[in-house]
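Student: what's the 3D shape of this:
(one chain, ligands or ions: 2)
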Amino acid sequence: DKFVEVKNLKKVYNNGHEAIKDVSFSVKKGDLVCLLGPSGCGKTTILNILAGLLSPTSGDILFDGKSVVKTAPKDRHIGYVFQNYSLYPHMSVLQNVMFPLVVGKNKKPKAEAKKIAEKYMKLAQISDLADQRPHNLSGGQQQRVAIARALVGEPKILLMDEPLSNLDARLRLKIREEIRSLVKEVGITTLFVTHDQEEALSIGDKIILFNDGVIQQDDLGQNFYLKP
Ligand code: ADP
Ligand code: ADP
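Tutor: Ligands and ions are numbered 1, 2, ... in the order given. Purely as a prediction, here's the structure:
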């Protein structure tokens, strides 16, 4: 039941900085796993390596038992929600969400792409924003667009990098509940990166505590509290 498996992963950047030092962990199918650790500890580096945006210095990554280190990003079936959302500013919400479906060699006819996009916009509660441009949306709304766009391709795995960090405290609580219900409803395996311990405890099925390029503790469970 190791749906995602990271084995002895290392990443040394070109400037010699060793960001990831021999990291191994696995994620079960359908689980929402939080990777918890302070800023600069290597969390984004791990997500970028999983997504294929960055190659590891050594180590292996398996999806469903198959190594993907040589697989191109578009063939990994990953949905990625970036910290700053990275929406396309010149496109409407609908066009943003449809985008992954209308490019590339497996692109779908417009009408079909629109139908799928509308399904995920409904799940993300942004149906009424279809014609808006990203700059007219609040942080929380942009966040939902990014999530809908990450899900339309029906990826096997969803990666979320500090998706709540740009939201105010009140909205953060609301949206994290919504993210949890959404990923559970879709049933997608999710790796959620955060530096916020309380957030990780509230949203994760499992927490991996990460610091300075190494795993300090795997599966903290819900009884764990860091000392203040
Ligand atoms: P790579 O190993 O991926 O080739 P590079 O050293 O060439 O990495 O840097 C890639 C990008 O990351 C560059 O745009 C660089 O400015 C940026 N970068 C370099 N050092 C850091 C750092 N300490 N933190 C974040 N980004 C960095
Ligand atoms: P986190 O997501 O936990 O904040 P990152 O994975 O972004 O951490 O960065 C881990 C470490 O690697 C940091 O010290 C960062 O400065 C450094 N780093 C990130 N990107 C690069 C790069 N391209 N070149 C050199 N160092 C980098």
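
Student: where do the helices sit along the protein?
Tutor: Secondary structure of the chain by DSSP state H: the helices cover 43-51, 93-102, 110-123, 139-151, 169-186, 197-203.

Student: Report the separation between Phe99 and ligand 1.
Tutor: Phe99 is 24 Å from ligand 1, where distance means Cβ to the nearest ligand atom, to the nearest Å. Backbone N, C-alpha and C define where each C-beta goes, glycine included.

Student: can you count the residues close to that residue?
Tutor: 17 (other Cβ atoms under 10 Å).

Student: Check Val33 too.
Tutor: Val33 has 23 nearby residues by other Cβ under 10 Å.

Student: For it, list the residues it contacts.
Tutor: Neighbouring residues of Val33 by Cβ atoms under 8 Å, 6 or more residues apart in numbering: 27, 190-192, 204-208.

Student: Counting neighbours, which of those residues comes out on top?
Tutor: Counting by other Cβ under 10 Å, top hit in the contacts of Val33: Phe192 with 28 neighbours.

Student: how close does that residue get to ligand 1?
Tutor: Counting by Cβ to the nearest ligand atom, the gap from Phe192 to ligand 1 is 21 Å.

Student: cool, His17 as well?
Tutor: Counting by Cβ to the nearest ligand atom - His17 and ligand 1 are separated by 6 Å.

Student: Tell me, how many residues neighbour that residue?
Tutor: Neighbours of His17 (other Cβ under 10 Å): 11.

Student: Around ligand 1, pick out the residues from the chain.
Tutor: Counting by Cβ under 6 Å from any ligand atom, the residues of the chain close to ligand 1 are 13-15, 54.

Student: Throw those residues into CSV and include neighbour count, thanks.
Tutor: Formatted as CSV, the residues of the chain next to ligand 1 follow (neighbours: other Cβ atoms under 10 Å):
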residue, neighbour count
Tyr13, 12
Asn14, 5
Asn15, 5
Leu54, 18
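
Student: Give me the phi and psi angles of the residue in the chain that ligand 1 sits nearest to.
Tutor: Residue nearest to ligand 1 within the chain (Cβ to the nearest ligand atom): Asn14, separated by 3.7 Å. Asn14 adopts backbone torsions of phi -60, psi -30, taken as degrees, to the nearest 10.

Student: now the end-to-end length of stretch 9-22.
Tutor: Using Cα to Cα, to the nearest Å, the end-to-end distance of stretch 9-22 comes to 5 Å.

Student: Can you report how many residues neighbour the closest residue to Gly104 other than its chain neighbours?
Tutor: Of all residues not flanking Gly104 in the chain, Lys74 sits nearest, at 6.2 Å (Cβ to Cβ, 6 or more residues apart in numbering). Neighbour count of Lys74, defined by other Cβ under 10 Å: 14.
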